[in-house]
Structures are given as structure tokens and as C-alpha cells.
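In: Kindly return the folded structure for what I paste below:
(chains A and B)
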Amino acid sequence: MSLTSLDGLRRAMLSADPGLSRFDPLPRIICHDDFDRGQCGWSQLIGNYEGDLDTMLPGYQPLTNPMLSTLAHWEGGSHGGIDGSYVLKLATRAKRDTATVGIKRLTFRKAGPIRLEFYMAFKPEANTLALSEQDVKSVGFLLDLQGSDQGGDTGQRVMPHLRYLNAKDGVLQQKWQFKRAAPKIHDINGGEETVSHFHLADDGWEDLPGGAQRLCYNEIPTKVNWHYVAFDFDLATMTATRFTCNDRTFDLSGFDSIRMPAMKNLWCMLNLCFFTETAADKRAFFYVDSVCLSGDF
Amino acid sequence: MLRESLTAVIARNETWAGASATEPYEAGWATEAVFFVRALKAGKGAPVEAHVEISPDGMRWIREGTSLVLPTVIDELAVARVRHFGNWLRLASDLPDQAEATVLVSLHLK
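Out: Numbers count the residues shown, from 1 in each chain, chains lettered A, B, ... in the order given. Here you go, the predicted structure:
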């Protein structure tokens, strides 16, 4: 079979699979997480500690455990996912400006192009009979990456961050932001082995040029619509190459990632994170229904 | 197909005083749940009960009927087992004045 027909066969198989045809994966699918098969390796982010959990940086203390949800609402029942019952749900605490994170920890086989695609939705907890459109502060994602141990002393830990800043201080913002300012690195418990940094603090975010986008929030807090997001990153050059949300593809010429010197035990790290922040004393919910991570290798 | 099983840590190093509860957790896919509570620090005050609560919506809660006594000695464990809980679960306690418990609460579902 020729390469051309092999490629055609591959595309035909992807198109015939309802779970994959909604994605545009690169040649190798690294993982395809359908949350009707469990949490698929998406777990709670734990801050670093040494000797005592009290040594964890304060920003990590309130993070919560992801869960499988049927997206059930008090007056409408289970909303369900795109094509199944369960979705991955991240829920903050009911305390303004707190965040939560879901993380999947991998390493990479080849420093080349990767593509993260997912479908997302977000809503505040529906504990008031009001639109509540300004109550979710943000939803977003980040990669936590580090080059190979064969890369020499110039290796970097690189963390591309993007968040959709929905609202802040009661005012709708509706724009994508990125972060390149490296956070302060703290020694944990005065020890030599463990350090930590909280990279999700509210400072350091910058507007993505041209990044204003109005999404489908819908008309009450219990109506949910799914949005497609795709992010391409080249692990060889450690640069972002493409970012898409629904019908918009954004210019990344002004984008950069958090960059810091390589750490001694994170070689070839490929971590994926989803996060959300609440803008009110009300839980923010970030839902993901299927994720596809693919690579060109 | 292997049965699904999941451990969720729903309170980590939280110091409870007064009306306290774990964050709401959805587990409608599971048929059984076990709560473990571990004391991370020495408790203050007399031993106090915590109650498993269930909810129709994650916002309004009612006691399920299963309770445990919050551990007060470091690394002491307490356990509660429940079934037929619907979708939402949490563990809640109303600690009297001066009482305090620093807990690690995990939920084991299958």
C-alpha cells in the first residue's frame, strides 16, 4: 500500500470513529481520553512538600480532586457529555479567587510537534436563580515541559499557559491571556531537595493580541454548551505554533511561555493541566468531555 | 472489562472547627463508597462525630445515616462505608467550641 493510500486509510478510519472524528490528531495518538472510561489519568495537582504538608505553598492548599460528572443540575437533571454520560469535572471551592487543577503526567518519546485538543464547558454552581455570567473567573490549560537529559546544560523547563479570562471583579472580560513571567521559586522546608513555585497566581497574565472572544455561555447557569480547543506546540523548539478555539485561530506571534532553567529530575516531562478559577464566593465548574493528545512521530 | 475503582482525596490537611465538610463529590457511577479519615495532627476537645451526607444537587444536604468519630490521635484512622447514595457525597461535622481536627479524608469508590 502506498504512503498516500495509507494516509487516506488512516483519515477514513478517524472519520468513521465518532469519538475521534471530532478531532484532527497528528499521526500518532498519544492518548484519547473519553471519560466514559473513567478519569483516564487526570488527577489532582499536589503542591510540593517536604516533611510536613504544611510546607506546601498556600496556592496549592485549596486544590481539589477531579471527578466524573453527569453534569447534573437541580432543575434539569443530568446534562451528560457530548456522546456519553460522563465528563471530567474540576470544581473550585466556594471562595473567590481560588483555583483548582486537573493534571495528567506523561513524558515524551520524541521532541517534535504535539497537538492537544479537547472539548470544554464551564459554569458556576447554580445556587442562585440568576444568570451568574460573571462568577467564573477563568478556565484554561497549560503544558509543563522539560527537554531531554541529552540536551546539555542549556535545557529549560517550559510552561505554556493560556486562560480564558471570563470575568474579573464583577466585569466580563471574555479574552484569552497567556503568561510568560516566571514565578518565584521557593525552597521547601529549607531543604536542598525540594523546591516549588505557584505559577497560577493572578499576576503575570498578559492579553493575547487579538484574543478577545465571546463564547456560548447560554442563558441560565444550568445550560451547557461544548467548545473545541486545540493547541499545537513544538517540543523541538519549545514554541507554540497554533491555538484554536471553535471558529477562531489566534495569532501567536506575541505569545511566549514561562521559561526557567531545567530542573534536575524532570527530563522529557510532558504534563497537561486544566484549571479554573472562581471570581465569586461560589464554586466554578470546568467540564471536559474527551481529550486527544497527538504527536508527529 | 475490569470494574472501575477510584480513590479521591477530598480533604487534605484541613483543620476543621465549627461547621465543617468536605467539598461535594460526584460519584454516581459507583455503587459503593468508603470514607477514610486520618488525623494529621492531634485533635483538640472531646471526640466528635462526622456524618456521611448525600444530596440531590450538590447544594442541599441530608444525612445518609452513617457516621464515624473523627480521630484525634495522629495517624489514627476512622472509616465509614455507604451504598445507595445516588450521586453526591460528602462528610460533614459540626465541631463544638474549642474542638479542632486536622484531617486527611479519602473516598474510595467502585
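
In: Surely A:T64 and A:T92 touch.
Out: Yes - assessed by C-beta atoms under 8 Å, A:T64 is found in contact with A:T92 at 7.0 Å. Quick note: C-beta positions are derived from backbone N, CA and C, even for glycine.

In: Which neighbours do those two have in common?
Out: Contact criterion C-beta atoms under 8 Å, 6 or more residues apart in numbering or on different chains; residues shared by A:T64 and A:T92: A:T100.

In: residues near the residue lying closest to A:C216 once chain neighbours are set aside, how many?
Out: For A:C216, ignoring the flanking residues on the chain, the nearest one in space by C-beta to C-beta, 6 or more residues apart in numbering or on different chains is A:N225 at 4.2 Å. For A:N225, the number of neighbouring residues by other C-beta atoms under 10 Å in any protein chain shown comes to 10.

In: Over to A:Q134?
Out: A:Q134: 17 neighbours (other C-beta under 10 Å).

In: do you know how far it is from A:F122?
Out: 13 Å (C-beta to C-beta, to the nearest Å).

In: what touches both of those two?
Out: A:N166.

In: Now do the same contact list for the residue nearest to A:C216.
Out: A:A121, A:C216, A:Y217, A:N218.

In: closest to chain B among these?
Out: A:A121 (15.2 Å; C-beta to the nearest C-beta).

In: which secondary structure element contains the closest one?
Out: strand A:113-124 (DSSP states H and E).

In: Please identify the pairing partners of that strand and their relative orientation?
Out: strand A:227-234 (antiparallel), strand A:284-295 (antiparallel) (DSSP bridges).

In: got the angle between the next helix-or-strand element following that strand and strand A:227-234?
Out: Sequence-wise, the next helix or strand downstream of strand A:113-124 (DSSP H and E) is strand A:136-146. Relative orientation of strand A:136-146 versus strand A:227-234 (axes from the mean of the first three to the mean of the last three C-alpha atoms, to 10 degrees): 30 degrees.

In: What pairs with strand A:136-146, parallel or antiparallel?
Out: As assigned by DSSP bridges, strand A:136-146 forms pairs with strand A:156-159 (antiparallel), strand A:161-168 (antiparallel), strand A:269-278 (antiparallel).

In: picking that back up, which of the contacts of A:N225 are buried? Put it as a ChimeraX command.
Out: For the buried members of the contacts of A:N225, the matching ChimeraX selection, counting by 16 or more other C-beta atoms under 10 Å in any protein chain shown, is:
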select /A:121,217
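
In: and which of the contacts of A:N225 is nearest B:T22?
Out: B:T22 has its nearest neighbour among the contacts of A:N225 in A:A121, at 24.5 Å by C-beta to C-beta.

In: tell me which parts of chain B are close to chain A?
Out: Residues of chain B lying near chain A by C-beta under 8 Å from any C-beta of the partner chain: B:4, B:6, B:8-10, B:12-13, B:23-29, B:40, B:56-59, B:87.

In: Contact residues of the stretch 1-150 of chain A facing chain B?
Out: A:38-39, A:44, A:46, A:53-54, A:56, A:61, A:64-65, A:67-70, A:72-74, A:85-86, A:89, A:91, A:93, A:125-127.

In: Take those and keep only those in helices.
Out: Using DSSP state H, no member of the residues of the stretch 1-150 of chain A next to chain B sits in helices.

In: follow-up on the earlier one: any idea which of the strands paired with strand A:113-124 is most buried?
Out: strand A:284-295 (a mean of 24; mean count of other C-beta atoms under 10 Å in any protein chain shown).
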